[in-house]
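Asks: 3D model of this:
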Amino acid sequence: MSSFLRPATEQGPPAVGHYRPVTSHFAIAPPVSVVIPAMNEAENLPYVFKTLPEWIHEVVLVDGNSTDDTVAVARDLWPGVKVVGQRGKGKGDALITGFAECTGEIIVMVDADGSADGNEIVSYVSALVGGADFAKGSRFANGGGTDDMTPIRKLGNRVLCSLVNHKFGARYTDLCYGYNAFWKHCLDEIALDCAGFEVETLMNIRVVKAGLRVQEIPSHEFVRIHGTSNLRAVRDGLRVLKVILRERGSRRRRPHRLAIAPAANSKAADSKDVS
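Replies: Below is the predicted model:
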């Protein structure tokens with residue numbers, strides 16, 4: 001059993017102390033930070049925060065110069081929230097800003113539009129404490145799903161995902177999805193330098209090139225609750241393609257240690273070495 005885990009006994013739940021009870025049978029030691037990039041998401045935040053587990057260490061909200069009550073709502077919903085103002089523009093810039101402010105050993109990325117279920121965080125954390133370096137959400141792994149993807153976006157995602165798998169030796173079932181989690185030290189390996197939406201693709205490529213252990217987590221994506229998405233299928237698809245081509249031309253830093261194995265019939269299946 002991993003040193004990060006401590007099972008419950010018949011006499012009662014895990015001791016609180018240094019460990020954080022997650023369920024009656026599972027407790028963790030590593031503190032978990034949740035990063036939420038948000039711009040004018042005041043109406044959606046109540047839905048986002050109500051699903052976040054109480055045992056997480058901190059919530060880092062990166063505010064992209066909101067003109068509504070995003071910050072005030074966040075502070076009301078989660079009094080200890082760490083609010084960070086975004087100086088640049090774009091989702092990638094917001095995430096990089098938030099990552100730098102995290103004090104937890106594990107970082108979870110969650111969108112602010114209500115499309116992600118915070119109850120799934122336990123599956124991501126379970127994969128990490130079980131041996132993975134990067135827990136990658138997938139809407140198309142067995143057990144996942146999406147209510148918010150048009151046919152053209154689904155086709156584009158499939159084509160780009162196949163291209164990444166072919167060019168980099170990955171085995172992803174999903175590519176452009178923003179619900180992921182990883183150990184903070186992985187940031188030193190992937191050195192993010194992308195400001196836009198394509199940051200998710202960049203992360204997925206660089207964890208493979210860095211030889212990090214990746215596990216896909218089945219995840220269900222819901223429809224944005226309020227507001228209009230900034231996603232543009234053709235424009236964003238071309239930006240993702242540009243990242244793929246650019247990364248293909250750069251050197252891999254070290255040998256790939258683990259191929260990506262989609263979790264089957266479980267939201268936290270064990271990682272498997274496939275050499």
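Asks: Just give me the longest helix of the chain.
Replies: Using DSSP state H, we find that the single longest helix of the chain is helix 151-168.
Asks: Next, count neighbours for Thr67.
Replies: 8 (other CB atoms under 10 Å). The way it works is simple: take the backbone N, C-alpha and C, and place the C-beta from them, glycine included.
Asks: What of Ser24?
Replies: The burial count for Ser24: 11, using other CB under 10 Å.
Asks: Also the one 3 residues further on?
Replies: Around Ala27 sit 22 other residues, with neighbours defined as other CB under 10 Å.
Asks: again with Gly143
Replies: Gly143, neighbours per other CB under 10 Å, totals 17.
Asks: do the same with Met203
Replies: Neighbour tally, Met203, other CB under 10 Å: 23.
Asks: follow-up on the earlier one: the next helix or strand after the longest helix of the chain pairs with which strands?
Replies: Downstream of helix 151-168, the first helix or strand assigned by DSSP states H and E is strand 180-183. Take DSSP bridges as the rule and strand 180-183 pairs in its sheet with strand 106-109 (antiparallel), strand 134-138 (antiparallel).
Asks: Is the most centrally placed residue in the chain bridged to anything, and to what?
Replies: The centroid of the chain falls nearest to Asn180 when counting by CA atoms, centre = their mean (1.6 Å). Beta-bridge partners for Asn180, by DSSP bridges, are Met109, Lys136.
Asks: I'd like to know how far it sits from Asp113.
Replies: Here Asn180 is placed at a distance of 16 Å from Asp113 (CB to CB, to the nearest Å).
Asks: Phe134 too?
Replies: Relative to Asp113, and taking CB to CB, Phe134 is found at 23 Å.
Asks: Tabulate the strands paired with strand 180-183 (CSV), appending distance to Ala127 and mean neighbour count.
Replies: Shown next, in CSV, are these (distance: least, CB to CB, whole Å; neighbours: other CB atoms under 10 Å):
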stretch, distance to Ala127, mean neighbour count
strand 106-109, 10, 24
strand 134-138, 4, 27
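Asks: the helices in the stretch 1-150 of the chain, which residues?
Replies: 45-49, 70-77, 91-101, 121-129 (DSSP state H, counting those that start in this stretch).
Asks: again, but for the stretch 151-275 of the chain
Replies: 151-168, 187-190, 199-209, 233-248.
Asks: Identify the spatial nearest neighbour of His226, chain neighbours not counted.
Replies: Residue nearest to His226 in three dimensions, not counting chain neighbours: Glu43, with 3.9 Å by CB to CB, 6 or more residues apart in numbering.
Asks: neighbours around the nearest residue to Gly156 once chain neighbours are set aside, how many?
Replies: For Gly156, the nearest residue in space outside its immediate sequence neighbours is Gly237; the separation is 4.6 Å by CB to CB, 6+ apart. For Gly237, the neighbour count with other CB under 10 Å is 20.
Asks: coming back round to it: any idea which of the strands paired with strand 180-183 gets closest to Gly88?
Replies: Ranking these by proximity to Gly88 (CB to CB) places strand 106-109 first, at 17.3 Å.
Asks: Mind listing residues that contact the closest one?
Replies: Residues from elsewhere that reach strand 106-109 (CB atoms under 8 Å, 6 or more residues apart in numbering): 30-35, 56, 95, 99, 121, 124-125, 128, 178-184.
Asks: can you rerun that using 7 Å?
Replies: 30, 32-35, 95, 99, 121, 124-125, 128, 178-184 (CB atoms under 7 Å, 6 or more residues apart in numbering).
Asks: Distance from the chain centre to that strand, please.
Replies: 6 Å (CA atoms, centre = their mean, to the nearest Å).
Asks: quick revisit: who are the neighbours in contact with the residue nearest to the centre of the chain?
Replies: 109, 134-137, 203.
Asks: same question, Gly104
Replies: 31-33, 57-58, 184.
Asks: Please narrow those to those residing in strands.
Replies: Members of these lying in strands (criterion: DSSP state E): 32-33, 58.
Asks: so what's the nearest residue to Glu58 once chain neighbours are set aside bridging to?
Replies: Distances taken as CB to CB, 6+ apart place Ser33 nearest to Glu58, at 5.0 Å, with adjacent residues excluded. Per DSSP bridges, the residues bridged to Ser33 are Glu58, Ile107.
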